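Enquirer: just to be clear, the model below is a prediction. Sequence and coordinates:
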Amino acid sequence: MFRLEPRAQPSIWMSWLSPVLAVLLTALCGVALFLAVGKDPLASLSVFFYEPIKDLRGWSEVGVKVAPLLLIAVGLSLCFRANVFNIGAEGQLVMGAIAAGSVILYFDDETNGGFGLMTLALAAGAVGGAFWAAITAWLRDRYNANEILVSLMLVYVAQLLLSYLVHGILIDPDGFGFPQSRLFSDGFLLPVVLPGTRLHLGIVLALLASVIGWLYLSRSFSGFKLQVGGMAPLAARYAGFSSSRSLWTSLCVSGALAGVAGASEIMGPIGQLTPSISPGYGFAAIIVAFVGRLHPIGVIFSSFIMALLYIGGELSQSRLGMPSAITGIFQGILLFSLLACDVLINNRLRWSK
């Protein structure tokens, strides 16, 4: 009854409306999912999308999840606009946490921290994430290796390195053999921005990164060259723009932001190094970046939606008895809904008799 007809020009309105439709379609699929397992769909959706934000504490917990998602998604937006597919932000987050945690544990015996050492730990996290991303940039630039495979494989290397460290030289000697580091002193923990909650300074850093990323892409010549290199590589080469510089810039900035996200996690809600620092923020941020249309400001909205799914998934496990995979199911539905709605950017539905 309906057919797709190509548009003469891509629809700008549909480009921005598509993520909203994808979220609504995800909610509708959620209704069908809860009906299939015998749950009240309205009550279940309320647990997912209303319970996390019904009070100030809920908003703060969502903000705790938004901080790392937004930091990583801003960096991935820069990468994808440069046509560089960094799939290894999860590993860069882990390396940032390792670097920041190592700095904290080194100084923790001699001092109680403070603003200077806290800044040093965050900087170490940025360097750690950027270094891990630079490995991918070097292999792509020197040997033309596929950055998707390289960055993805480095995720598992970083996770195994973290496991080795917390089972070995960084293990807490008073921790009864549990694979975790010592708890960090209060002077190394990020300040809480909302008293009585866990919302920390990481959310401010994430919002600041979003604004700076937008200014970089829209107001700087370097950002213009990066976007031209991604959209029209031949035109960029003809204009004398360096594709190698865009590759290194986008990957290192993306890795640094992911590293700061990892550092803010261990200096915020976790407070130590553990074998599992992230529930998959690096991979979820890929969906966040595309739902936000690869726009540093647009990803604020999409990171909020993704944070809702994380908190809603945790609540649905305790209140509805749903399995832990429910969060990943909703993330997958959101991704496929976005892909389906994006078809309407270049095509329109027509009634066919």
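Expert: The structure has been received and is ready for your questions.
Enquirer: send the alpha carbons of the helix or strand of the chain with the lowest mean pLDDT over as CSV?
Expert: Within the chain, no helix or strand scores below helix 233-238, which has a mean of 78 by mean pLDDT, DSSP states H and E. Taking Å, rounded to 0.1, in the frame of the first residue of the first chain, the C-alpha atoms of helix 233-238 are listed here in CSV:
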residue,chain,number,x,y,z
PRO,A,233,38.1,13.6,0.7
LEU,A,234,39.1,14.4,-2.9
ALA,A,235,38.0,18.1,-2.5
ALA,A,236,40.0,18.3,0.7
ARG,A,237,43.1,16.9,-1.0
TYR,A,238,42.7,19.3,-3.9
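Enquirer: and that helix, what does it pack onto?
Expert: Contact partners of helix 233-238 among helices and strands, from 3 or more Cβ pairs under 8 Å, 6 or more residues apart in numbering; DSSP states H and E: helix 221-231, helix 243-265. Every residue, glycine included, has its C-beta placed from N, CA and C.
Enquirer: contacts for that helix?
Expert: Asn83, Lys225, Val228, Gly229, Ser243, Ser246 (Cβ atoms under 8 Å, 6 or more residues apart in numbering).
Enquirer: and the strands in the protein?
Expert: 2-6, 347-351 (DSSP state E).
Enquirer: quick one, the first one and strand 347-351 angle?
Expert: To tie it back to what came earlier, the one meant is strand 2-6. 140 degrees (axes from the mean of the first three to the mean of the last three Cα atoms, to 10 degrees).
Enquirer: now the two most distant members of the contacts of helix 233-238.
Expert: Distances among the contacts of helix 233-238 were taken as Cβ to Cβ; the most separated pair is Asn83 and Lys225, at 12.7 Å.
Enquirer: which of the contacts of helix 233-238 lies closest to Met322?
Expert: Closest to Met322, out of all of those and judged by Cβ to Cβ, is Asn83, at 38.4 Å.
Enquirer: ramachandran angles for that closest one?
Expert: Main-chain dihedrals, Asn83, degrees, to the nearest 10: phi 60, psi 30.
Enquirer: excluding its backbone neighbours, what's nearest it?
Expert: Using Cβ to Cβ, 6 or more residues apart in numbering and skipping the chain neighbours, the partner closest in space to Asn83 is Gly230 (3.8 Å).
Enquirer: how about the helices in the stretch 101-250 of the chain?
Expert: Ranges of helices in the stretch 101-250 of the chain, per DSSP state H, counting those that start in this stretch, are 115-143, 147-167, 202-219, 221-231, 233-238, 243-265.
Enquirer: could you dump those helices into TSV with distance to Ile104 and mean neighbour count added?
Expert: Output for these, formatted as TSV (distance: least, Cβ to Cβ, whole Å; neighbours: other Cβ atoms under 10 Å):
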stretch	distance to Ile104	mean neighbour count
helix 115-143	5	21
helix 147-167	13	18
helix 202-219	15	18
helix 221-231	33	18
helix 233-238	41	13
helix 243-265	9	27
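Enquirer: among those, which is nearest Ile72?
Expert: Of all the helices of the stretch 101-250 of the chain, helix 243-265 comes closest under Cβ to Cβ, at 4.9 Å.
Enquirer: what's the angle between that closest one and helix 115-143?
Expert: Using the same axes, to 10 degrees: helix 243-265 against helix 115-143 is 140 degrees.
Enquirer: can you dump the C-alpha coordinates of helix 243-265 into PDB?
Expert: Provided in PDB are the C-alpha atoms of helix 243-265 (Å, rounded to 0.1, in the frame of the first residue of the first chain):
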ATOM      1  CA  SER A 243      43.900  14.000   5.700                       C
ATOM      2  CA  SER A 244      46.600  12.600   8.000                       C
ATOM      3  CA  ARG A 245      46.200  15.600  10.300                       C
ATOM      4  CA  SER A 246      42.500  15.200  10.400                       C
ATOM      5  CA  LEU A 247      42.900  11.500  11.300                       C
ATOM      6  CA  TRP A 248      45.300  12.200  14.200                       C
ATOM      7  CA  THR A 249      43.300  15.200  15.500                       C
ATOM      8  CA  SER A 250      40.000  13.500  15.500                       C
ATOM      9  CA  LEU A 251      41.200  10.200  17.000                       C
ATOM     10  CA  CYS A 252      43.400  11.800  19.700                       C
ATOM     11  CA  VAL A 253      40.700  14.300  20.800                       C
ATOM     12  CA  SER A 254      38.100  11.500  20.800                       C
ATOM     13  CA  GLY A 255      40.500   9.300  22.900                       C
ATOM     14  CA  ALA A 256      41.300  12.100  25.300                       C
ATOM     15  CA  LEU A 257      37.600  12.800  26.000                       C
ATOM     16  CA  ALA A 258      37.000   9.100  26.500                       C
ATOM     17  CA  GLY A 259      39.900   9.000  28.900                       C
ATOM     18  CA  VAL A 260      38.500  12.000  30.900                       C
ATOM     19  CA  ALA A 261      35.200  10.000  31.000                       C
ATOM     20  CA  GLY A 262      37.100   7.100  32.500                       C
ATOM     21  CA  ALA A 263      39.000   9.300  35.000                       C
ATOM     22  CA  SER A 264      35.700  11.000  36.100                       C
ATOM     23  CA  GLU A 265      34.100   7.600  36.700                       C
END
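Enquirer: many thanks, have a good one.
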